[in-house]
Each structure stands twice: as structure tokens, then as C-alpha cells.
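Q: sequence isn't available, so here's the structure alone:
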């Protein structure tokens, strides 16, 4: 099924905010198939917070079984992923602050 540009943008925002793809499909876009939503998210280079957590855990578990050179590559990748999570968190906080301000809370 083809997902509209508007829906794609909304899905990407929900993923950036940390919502799981399964919950996005269930709660926000039940008209779409899970795999259609998944392909839109990962095809665009977006990562869910849960997906990034899984990648980080997987990479950390690999640290004991690789050479020192490979270990440095894993450390660099984990560092980039942590920064990705941090930047998304900060962006979400700015959005929440603006929403709270608009609501007068």
C-alpha cells in the first residue's frame, strides 16, 4: 500500500519521539501494514529509539570477541548512536516545551 507524504512525515515524527512501529500501526495508522510503515521508516534512514537501543546493545556485546581495531570502530559507532538519541531527546524536549507554552501550562 502507498503511504501518503503527509502520513510518512507524521510516522517519521512519531518514530523520532520514540514510539514503536507496532504501536504506530496499531494506534495511529491501522490502515497500513506493519511492513509498509517499517520500510518507510528505515528506508528514509530514520531510526527508532528502541532500534538504536538494540543496535547499541548488540555492538556492546560484540566488544569481547573482536580485535582492538574492530573494537574502536564499534566504540565510534556506539558514540554516534548515543549522540543520535541525545539530539532526538533534546528536539523532543523543545517540542514539548513549545506545546506546554502554547497550552499555557
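A: Everything's here; your move. None of the values given here were measured: they were computed from a predicted structure.

Q: show me where this protein has its strands.
A: With DSSP state E as the criterion, the chain has no strands.

Q: tell me what the lowest-mean-pLDDT helix or strand in the chain is packed against?
A: Of the helices and strands making up the chain, the lowest-confidence element is helix 49-62, at a mean of 82, by mean pLDDT, DSSP states H and E. Other elements packing on helix 49-62 under the criterion 3 or more Cβ pairs under 8 Å, 6 or more residues apart in numbering; DSSP states H and E are helix 68-103. For glycine as for every other residue, the C-beta is placed from the backbone atoms N, C-alpha and C.

Q: next, the buried residues of the helix it packs on.
A: Judged by neighbour count (16 or more other Cβ atoms under 10 Å), helix 68-103 contains these buried residues: 74, 78, 81, 88.

Q: again with stretch 24-35
A: By neighbour count on 16+ other Cβ under 10 Å, the buried set for stretch 24-35 is 24-25, 29, 32.

Q: in JSON lines: those, plus pLDDT and distance to residue 95.
A: Output for the buried residues of stretch 24-35, formatted as JSON lines (pLDDT from 0 to 100; distance: Cβ to Cβ, whole Å):
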{"residue": "24", "pLDDT": "92", "distance to residue 95": "17"}
{"residue": "25", "pLDDT": "93", "distance to residue 95": "22"}
{"residue": "29", "pLDDT": "93", "distance to residue 95": "20"}
{"residue": "32", "pLDDT": "92", "distance to residue 95": "24"}
